[in-house]
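In: Starting from these lines, generate the structure:
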Amino acid sequence: MPLNSLARTRRYGLHWILFIIDEVHEALADPIYGKEITEALKDLMRIGRACGLHFEIASQRTDADSIPTIISGMPILRVAFHQNGQ
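Out: Okay, the predicted model is just below:
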């Protein structure tokens, strides 16, 4: 059975799993574990939709230096909020 149909097949009883990662740029910019976290997140996001894994990643810094393009290019939906200075 193809991997992408596992989550869609109801007879297996698989439920969706939601991962919410706030301030993801802090983890990805870590000098010791940043590359390892980036690779793990990339692999999980790549096969995640097929297996019922859904990721919500949030960051206050969305520049190319804080979140690698391979991670920022995978989400299906992007939402950006802007707050004016107070």
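In: Identify the residue nearest the residue nearest the centre of the chain in space, chain neighbours excluded?
Out: Relative to the mean C-alpha position of the chain, the nearest C-alpha, by C-alpha atoms, centre = their mean, is the one of residue 55, at 4.3 Å. If the residues on either side of it in the chain are set aside, residue 55 comes closest to residue 19, at 4.9 Å by C-beta to C-beta, 6 or more residues apart in numbering. For every residue, glycine as well, the C-beta is placed using N, CA and C.
In: Then residue 46?
Out: residue 74 (7.1 Å).
In: and that neighbour, how many residues sit next to it?
Out: Neighbour count for residue 74, taken as other C-beta atoms under 10 Å: 15.
In: What of residue 54?
Out: Residue 54: 14 surrounding residues under other C-beta under 10 Å.
In: Name the strands paired with the helix or strand harbouring it and say parallel or antiparallel.
Out: Element membership for residue 54 (DSSP states H and E) is strand 53-57. Sheet pairing of strand 53-57 (DSSP bridges) gives strand 17-21 (parallel).
In: what sits up against the partner strand?
Out: 27, 41, 44, 52, 53, 54, 55, 56, 57, 58 (C-beta atoms under 8 Å, 6 or more residues apart in numbering).
In: give me that answer again for 7 Å
Out: Strand 17-21 has contacts (C-beta atoms under 7 Å, 6 or more residues apart in numbering) with 52, 53, 54, 55, 56, 57.
In: Noted, bye for now.
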